[in-house]
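Student: please find the sequence and the predicted model below.
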Amino acid sequence: MAVFPTVKSNSDFRRAYARGKSYPDPALVTTVIKNRAGVSRIGITTGKKIGGAVQRNRARRVIRAAFAEIGGGVKPGYDIIFIARSKTCFVKSTQLVPVMRRHLTAAGLLSGEEMGR
């Protein structure tokens, strides 16, 4: 399991929303943008529409667990923002893995051995 640095500043999130490429799904939205850091960073956002603090924390946990399964094959040099939707806190991380894999493959961020799984 690879540990990725996180996107923390509001300006980085806003830059990703404004200029990044977005991949929607009913359970998750993935936004990808190239960065200059040379390493890939992840950011997770959960809005108040998701529910209370318990639901938002569960959504973040589920997203982190799903990304931990495929994170090792991600190309460096990108900011990856995962935006939780209202369905996110009701799915298991194993159900999000194919969604993330599809989004990251469409963005061209997964290496060859990860795409085949």
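Tutor: Noted; the coordinates are in hand. Here the structure is a predicted model, which means the values were calculated and not measured.

Student: would you map the strands across this protein?
Tutor: 21-23, 28-34, 41-45, 78-84 (DSSP state E).

Student: what separates the residue minimising distance to the centre of the chain from residue 67, distance-wise?
Tutor: Nearest to the geometric centre of the chain sits residue 82, at 3.3 Å (C-alpha atoms, centre = their mean). Going from residue 82 to residue 67 by C-beta to C-beta, to the nearest Å gives 7 Å. From N, CA and C alone the C-beta is placed, and that goes for glycine too.

Student: next: residue 30.
Tutor: When residue 30 is compared with residue 67 (using C-beta to C-beta), they lie 10 Å apart.

Student: what pLDDT does residue 116 get?
Tutor: In this model, residue 116 is scored at 48, pLDDT.

Student: report pLDDT for residue 82.
Tutor: On the pLDDT scale, residue 82 gets 96.

Student: with residue 7 instead?
Tutor: Value for residue 7, per-residue pLDDT: 90.
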